[in-house]
Structure formats: C-alpha cells, structure tokens
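> Sharing a model that was predicted from the sequence below.
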Amino acid sequence: MPGRCSSVPIMSWTRTLPAALAVCVLLLAGSVGCGSSGARDGGNAASPAPVGKVLDHTDGDGRHYREVAKKGAPEVGVEVQPDAHGGWDVRVKLARFRLSPTGTPREAVTGRGIARLYVDSRWVVDLRSPSYRIPAGYLPHGTHEVTVRLYADDATVWAVEGRAVEATADVTASEQSAAASPGVSPGGSPTGSPSGAPTGSPSGPPSS
C-alpha cells in the first residue's frame with residue numbers, strides 16, 4: 001500500500017508538466033506576434049505623404065518651387081488702391097489657401113503658408129493678413145508692378161504647371177504721391193478696408 005500511494009503523485013506530475021509548458025510557450029509566442037504587428041502598424045502611421053513635388057526651378061531668392069496639381073490648387077488675386085494720405089492699400093484675395101500665423105512650424109502643408117509682397121520684383125514684406133498699406137512716397141513717380149506670391153511655411157513656392165501661384169497689379173504713382181514722403185521704406189501694419197478709387201488692372205481670380 002505505501003508503495004502504490006507514493007506512485008500516484010509521480011504519475012500525475014509527469015503528465016501535467018508538458019501541458020503547462022505548452023501553455024507557457026503559446027502565451028509567449030502570442031505576445032511576441034502581437035508586439036511585432038503593433039510596431040509595424042505604428043511605423044506605417046508615422047510616415048506622412050509628401051506635399052507636391054519640389055522642383056529644381058527657384059525664385060529670384062533661390063527658393064525652390066513646390067509643384068501641386070491644378071485641381072484644388074490655391075489661387076491668389078490682388079487689388080491696389082490709393083488711400084487719402086498718399087499711400088496704397090493692398091488687398092489680397094485667396095481661394096483654397098489660408099495665411100499661417102507667426103510661429104507656425106516650418107513645413108509644407110496643403111493650402112497653407114504666407115503671401116510675399118513685391119514691388120517691381122523687389123521684396124517688401126511677408127503677409128500673414130490679407131491687407132497691407134504701402135506708405136506714401138514709397139512708390140516713385142511712374143508705373144509699377146505690385147505682385148503677391150504664395151509660399152509654403154517651409155519657404156518653398158507654391159506652383160502649378162511649373163509657374164508660381166501669384167498675381168500682379170499695375171499701379172501708377174503721380175508726382176504728388178511720390179513726393180509726399182521721400183525716403184520712406186515699407187513698413188507699418190496691415191490696414192482695414194481700402195479707400196479711394198482703384199488704379200491699374202488687378203490680376204488673379206475674382207473674389208470668392
């Protein structure tokens with residue numbers, strides 16, 4: 001009797017041990033498999049698609065063009081009007097584009113960025129508002145080109161079919177307005193609604 005009783009737990013142990021080991025192996029294999037899949041999924045989610053295509057072509061300051069499809073591309077128009085004090089009110093009209101506030105990360109995001117204002121191909125200011133006032137006396141007597149060009153926040157030029165997204169208006173400064181404040185450089189802050197009659201022919205899309 002003592003011999004038979006002592007043999008029971010031995011048989012029970014040898015039979016249950018392989019089963020316990022099998023359960024442990026399955027659990028470990030399952031946890032490793034889930035971890036690997038999660039890492040792969042996470043890696044794919046962290047790879048954003050690039051915006052457009054950066055071209056070799058650059059603007060006058062060496063900033064590369066960023067080509068986007070014509071469908072859904074941003075559009076810009078510009079109107080320039082003389083004000084009552086000898087200056088010029090610039091109004092920018094945008095479609096499918098918003099101006100980024102100061103401090104925006106330097107990366108290209110579809111439909112976002114800044115508008116650069118040029119007079120006769122010379123940079124004046126980066127616009128983060130659709131209104132700006134060119135001071136009295138800044139434009140010499142004669143006809144001038146006022147251009148607004150759209151840029152991404154990483155300083156690339158938004159482009160469609162190899163051409164920059166921009167608009168230009170021709171304005172003519174009289175001798176009186178040119179001499180109103182000699183030696184003034186561009187500056188000041190954005191203005192509200194412009195006053196006075198429009199001059200020149202605004203370019204770009206109509207106001208939406």
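Here it is on my side, so go on.
> Dump the C-alpha coordinates for the lengthiest strand in the chain into CSV.
Ranked by number of residues, the top strand in the chain under DSSP state E is strand 142-151. Extracted as CSV, the C-alpha positions of strand 142-151 are listed here (Å, rounded to 0.1, in the frame of the first residue of the first chain):
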residue,chain,number,x,y,z
GLY,A,142,5.6,106.2,-62.8
THR,A,143,4.0,102.8,-63.3
HIS,A,144,4.9,99.9,-61.0
GLU,A,145,4.1,96.2,-60.7
VAL,A,146,2.8,95.0,-57.3
THR,A,147,3.0,91.2,-57.0
VAL,A,148,1.7,88.8,-54.4
ARG,A,149,3.2,85.3,-54.5
LEU,A,150,2.2,82.3,-52.3
TYR,A,151,4.8,80.3,-50.3
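> buried set for that strand?
Neighbour-count burial for strand 142-151 flags 144, 146-151 (criterion: 16 or more other CB atoms under 10 Å). Backbone N, C-alpha and C define where each C-beta goes, glycine included.
> Around residue 153, count how many other residues there are.
15 (other CB atoms under 10 Å).
> still on that earlier bit, outside of the helix or strand that the longest strand of the chain is followed by, which residues touch it?
Beyond strand 142-151 on the C-terminal side, the first helix or strand identified by DSSP states H and E is strand 157-160. Strand 157-160 is touched from outside by 52, 55, 57-59, 63-70, 73-74, 113, 149-152, 164-165, with contacts defined as CB atoms under 8 Å, 6 or more residues apart in numbering.
> Quick one, which of these are buried?
Looks like the contacts of strand 157-160 have 52, 59, 63-68, 73-74, 113, 149-152, 164-165 buried, using 16+ other CB under 10 Å.
> Can you name the helix or strand that residue 124 falls in?
Counting by DSSP H and E, residue 124 is part of strand 122-127.
> That strand packs against which elements?
For strand 122-127, the packing partners by 3 or more CB pairs under 8 Å, 6 or more residues apart in numbering; DSSP states H and E come out as strand 112-119.
> avg pLDDT for the strand it packs on?
Averaging pLDDT along strand 112-119 yields 98.
> Touching it from outside, list them.
76, 90, 92, 94, 97-100, 104, 123-128, 130, 132, 134, 138-139, 144-153, 158, 186.
> Need the CA coordinates for it. CSV is fine.
Output of strand 112-119 as CSV, limited to C-alpha atoms (Å, rounded to 0.1, in the frame of the first residue of the first chain):
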residue,chain,number,x,y,z
ARG,A,112,-1.4,77.0,-46.1
GLY,A,113,1.6,79.4,-45.9
ILE,A,114,2.4,83.1,-46.4
ALA,A,115,2.0,85.7,-49.1
ARG,A,116,5.1,87.6,-50.1
LEU,A,117,4.6,91.2,-51.4
TYR,A,118,6.9,92.5,-54.1
VAL,A,119,7.1,95.9,-55.9
